[in-house]
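J.: Here is the input, now give the coordinates:
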Amino acid sequence: MEMTLYYMPGSRAERVRWALEELDLKYRTEPIDLFKGEGQREDYLAIHPLGQLPALVIDGEVMIESGAIVQWLAESVPGSELAPAPDQPARRAFDQWMYFAVTSLEGPAWEMLLHGRILPEEQAVRAIIPFAENRYTKALDVLENAVKDQEYLVDGKFSAADIMVGYILAWFPEFLTSHPGLQAYLARLKQRPAYPHPPGDQD
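T.: This is a model prediction of the structure:
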């Protein structure tokens, strides 16, 4: 299986890279700098019509959306232990946290990032940020309770759900100061050899 990951550090492609590394799969990366407008290149738009990341090309077929790619890898790679089987009771929790990551957690986190750090002043809507912070904190409260008595989200075992959630938690570590369980959880994730540390983040 030949795979090429279109990638930029810090982007949602990090989730896919993390899953590929956890599964010890061979792949190559093709850098795309979204901040330089490379996502809008004609050749890349032929791969990802929205000009976003990630895109994973598998034997010539393109797959987009980080959650879908991570779940596909977790379920399709022989020997993978990143997802419980559909007939296992733990599958309900797995599906729940996979979707929670891209809705309840990432939704407000992205609004905070977009309007607080990315958009220029004339485009940012600062009034959105307090509302998003409140929603994000409530999502953290739910996750804090989920890891209170276990090391990972699904049956106490590392899974693709931890990749999906952990990637977002690393965006705003300052919000975890009042969530000691999540601080410890994120620290455990960062100790995994496959965790995609950004430059300067090797704790």
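J.: Mind listing what's buried along stretch 67-83?
T.: 67, 69, 70, 71, 72, 73, 74, 77, 80, 82, 83 (16 or more other Cβ atoms under 10 Å). From N, CA and C alone the C-beta is placed, and that goes for glycine too.
J.: quick one: average confidence on it?
T.: Stretch 67-83 shows a mean pLDDT of 96.
J.: where in this structure is pLDDT low?
T.: 198-203 (pLDDT under 70).
J.: Would you mind giving the domain segments of it?
T.: 3-76, 90-190 (automatic domain parsing).
J.: List the single closest residue to residue 38 in space, sequence neighbours excluded.
T.: Distance criterion Cβ to Cβ, 6 or more residues apart in numbering; nearest residue to residue 38, sequence neighbours excluded, is residue 32 at 4.9 Å.
J.: Count the residues that sit near that neighbour.
T.: Using other Cβ atoms under 10 Å, residue 32 is surrounded by 23 other residues.
J.: how about the strands in the protein?
T.: Counting by DSSP state E, the chain has strands at residues 3-7, 28-31, 55-58, 61-64.
J.: how about those strands in TSV, adding distance to residue 190 and mean neighbour count?
T.: Listed next are these as TSV, based on distance: least, Cβ to Cβ, whole Å; neighbours: other Cβ atoms under 10 Å:
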stretch	distance to residue 190	mean neighbour count
strand 3-7	19	20
strand 28-31	21	12
strand 55-58	24	22
strand 61-64	27	14
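J.: Could you export these as JSON lines, including distance to residue 17?
T.: Below are these laid out as JSON lines (distance: least, Cβ to Cβ, whole Å):
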{"stretch": "strand 3-7", "distance to residue 17": "6"}
{"stretch": "strand 28-31", "distance to residue 17": "8"}
{"stretch": "strand 55-58", "distance to residue 17": "10"}
{"stretch": "strand 61-64", "distance to residue 17": "14"}
